Each structure stands twice: as C-alpha cells, then as structure tokens.
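S.K.: Based on what follows, work out the 3D shape:
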Amino acid sequence: MTKIGFIGVGNMGSHMARNLIKAGHDVTVFDLSQEALDSIASDGATIATSASGAARYSNVIITMLPTGKHVDSVYRDEIIPYSQDGAIFIDCSTIDVETCRTVNALARTKGHSMLDAPVSGGVGGAEAATLTFMVGGEEASFRSVKDILCQMGKNIVYCGGSGTGQAAKVCNNMMLGIQMASVAEAFVLAERLGLEHQKLFDVASTSSGQCWSLTSYCPVPGPVPTSPANRDYEPGFATELMQKDMNLALNAAMGSGTTLDVAQASALLYQSYAQAGHTGKDFSGIVNLLRERTELL
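M.R.: Sure thing, here's the model as predicted:
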C-alpha cells in the first residue's frame, strides 16, 4: 500500500482517485469544491483541508489541475515546501511544456522527482481505468510508479525527459481537433450533395477517411449511438477544453518556430463556436457552426 495525495478530484480526478482506493492505496484528497470532496469521501478517501495537507504525509502526490498557472502555484506554494523527502510528484494536468519544465526543475532543486503525465481517454476512460498516460521525466521515477499508473490506465507510454509527456498530449489533441473539424466539414458537404449521414459513415469508416473522430465520436446523430451528437452535444470533451488545447499547440509552435497552418485554421473554428455561446457543449458540435456558415452562403 502506498500513501497517495491526490489534488484535484473533479470530473477526471475523482474517478482516478477512486481507482487507486479500489487498488488498496491510502488516498488523501483535496479540492476547492466541497461537493467533490463530499462525493469521494463516501468511497474511502481521506479528506485534507489543503493541498499541503494532502501532500504532507504522502509518498506519491498526483495532481489534476485546470491550467499551468494552477500547477505552478500549487506546487510552488503548497506541495514542494511541505512534501516529505523522496516523495514523487505526478502531474496529470494538460498544460504548456514551458511551465511543466519550470516546475519540474524547481522540484529537482528541492530533492524531488516530478513526472508530467497527462492523460487521454476522457471521463469514461478515467472511470473504467483505461486511460492512456503520456509520461515525461526521469525514467527511474517512471519505473517506480508505473504500477500506480497502471491502476488508473491501460496504456502507459514513457515519452522521454521532462516535458515530453505534455508535448505528446499537445500534439495528440491538436490532431484530434483538426480531424474533428475535417470530419464535420465532410458531413456538411455530404448534406449539401444529398448524401445520407449513414452512407458516408459506411464508406469513410472502412476507407482512407477513417479516424477516431469519425468511428468513435461521429459529429452527427445516428451512425455512432454513443457519440455526444446523440445527446444534444453534451460533453464528452467540452469546446472550451478543445479551445484550450488548440491554443497550447499554437503557443508551442510559436515558441519552437513551427508553422501550423491547418491547426491555426481549426483553432479559429473552435474559437468562433465558443464565442457563439457553446463553450460547454461538446467540441464535436462544431458541425453545427459549419452548417450555419454554409446556410449563410
């Protein structure tokens, strides 16, 4: 049994922490939401009154936080100063590579090892413990906590040094955003050409247009019954999160001198969809924005 501090038990983190409890670990949690804490307390978690309280007596500290500024602040002010010697930090947030490496370096100066380990798989994957973890940091530290990651996920990929886990996540989600925009455009074009949704799906899902955005997350109702399109685009993966991830990719490109023409065009679409009041809708709802634009022509 490992003593684990888990900070950030929202939609994703709560399920991840529950799976660690089920695996027999002693898990102490903290979140700014009292409702989130009350929910997970009934599943066997110990509730801390602060992030430092969750970290103080833990061998492993896991964080799942909204943005880079939250990660920097929580580690700098509450985790690093109060953690016991030899504690390993695992940040599962999706943040920018620069902040990730800055916090990692700070942790090392204080004698701690830190891994960036963002995830893919959504709330369903978190609940079913089938997440993909993209891990960056010291390989020895990765090996020492791999079993813990396996209790929360199915695919655990060591990507390399500090920041490479975040780099993998940024690139993966950039591809997802672009692919969804292209799939949505294809369905809108099909509508205008008189081709039924199901017929396009039957062809493309077994041809060269096949991708996850089509076969698992089809943006129109019908072909994939479990996709958000069949429940009025309730997320899923909210548009505001996709907008955040596309911006992370564009900022990384700017910092590395990389041109991302297709990603930039796709990011503008998600920005427009969000500005139209759909930040809380699933990102696949972008098909509705594209349909509206077509109707205005």
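S.K.: can you map out the strands along the stretch 101-250 of the chain?
M.R.: 113-116, 119-120, 131-136, 153-160 (DSSP state E, counting those that start in this stretch).
S.K.: any idea of the angle the third one forms with strand 153-160?
M.R.: The one in question is strand 131-136. On the basis of axes from the mean of the first three to the mean of the last three C-alpha atoms, to 10 degrees, strand 131-136 is oriented at 10 degrees to strand 153-160.
S.K.: Which residue of this structure lies farthest from its centroid?
M.R.: residue 194 (36.7 Å; C-alpha atoms, centre = their mean).
S.K.: that older thread, output the strands of the stretch 101-250 of the chain as CSV; include the columns mean neighbour count and mean pLDDT.
M.R.: Backbone N, C-alpha and C define where each C-beta goes, glycine included. Below are these laid out as CSV (neighbours: other C-beta atoms under 10 Å; pLDDT from 0 to 100):
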stretch, mean neighbour count, mean pLDDT
strand 113-116, 27, 97
strand 119-120, 21, 94
strand 131-136, 24, 98
strand 153-160, 17, 98
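S.K.: Can you check which of the ones you listed gets nearest to residue 228?
M.R.: strand 119-120 (16.6 Å; C-beta to C-beta).
S.K.: Neighbouring strands - and their directions - for the closest one?
M.R.: Using DSSP bridges, strand 119-120 pairs in its sheet with strand 131-136 (antiparallel).
S.K.: CA atoms only: put the strand it pairs with into CSV for me.
M.R.: This file holds the C-alpha atoms of strand 131-136, laid out as CSV (Å, rounded to 0.1, in the frame of the first residue of the first chain):
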residue,chain,number,x,y,z
LEU,A,131,-6.7,6.0,-19.8
THR,A,132,-3.6,6.5,-21.8
PHE,A,133,-0.8,8.1,-19.9
MET,A,134,1.9,10.1,-21.7
VAL,A,135,4.8,10.3,-19.3
GLY,A,136,7.8,12.6,-19.3
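S.K.: can you map out the helices along the protein?
M.R.: For the chain, the helices defined by DSSP state H cover 13-22, 34-41, 51-56, 68-74, 97-109, 122-128, 139-150, 164-192, 197-204, 212-215, 239-256, 261-273, 286-296.
S.K.: Kindly reformat these as TSV containing distance to residue 91.
M.R.: As requested, the helices of the chain are exported to TSV (distance: least, C-beta to C-beta, whole Å):
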stretch	distance to residue 91
helix 13-22	12
helix 34-41	19
helix 51-56	13
helix 68-74	6
helix 97-109	7
helix 122-128	16
helix 139-150	12
helix 164-192	9
helix 197-204	37
helix 212-215	25
helix 239-256	15
helix 261-273	24
helix 286-296	29
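S.K.: Residue 226: which of the ones you listed is closest?
M.R.: Proximity to residue 226 (C-beta to C-beta) singles out helix 122-128 among those, at 9.0 Å.
S.K.: residues in contact with residue 1?
M.R.: Contact analysis of residue 1 by C-beta atoms under 8 Å, 6 or more residues apart in numbering lists 24-26.
S.K.: What of residue 17?
M.R.: Counting by C-beta under 8 Å, 6+ apart, residue 17 makes contact with 6, 9, 27, 29, 40, 45, 62.
S.K.: Most neighbours of all those residues, which one?
M.R.: The member of those that has the most neighbours, counting by other C-beta atoms under 10 Å, is residue 6 with 31 neighbours.
S.K.: Verify the contact between that one and residue 25 for me.
M.R.: No: with contact defined as C-beta atoms under 8 Å, residue 6 does not count as touching residue 25 (9.5 Å).
S.K.: Can you report how many residues neighbour residue 205?
M.R.: Residue 205 has 16 neighbouring residues, counting by other C-beta under 10 Å.
S.K.: My guess is it contacts residue 215. True?
M.R.: Yes: applying C-beta under 8 Å as the test, residue 205 and residue 215 come out as touching, 5.0 Å apart.
S.K.: Low-confidence regions, this structure specifically.
M.R.: Residue ranges of the chain with pLDDT under 70: 296-297.
S.K.: Can you tell me how far residue 33 is from residue 67?
M.R.: Separation of residue 33 from residue 67 (C-beta to C-beta, to the nearest Å) stands at 16 Å.
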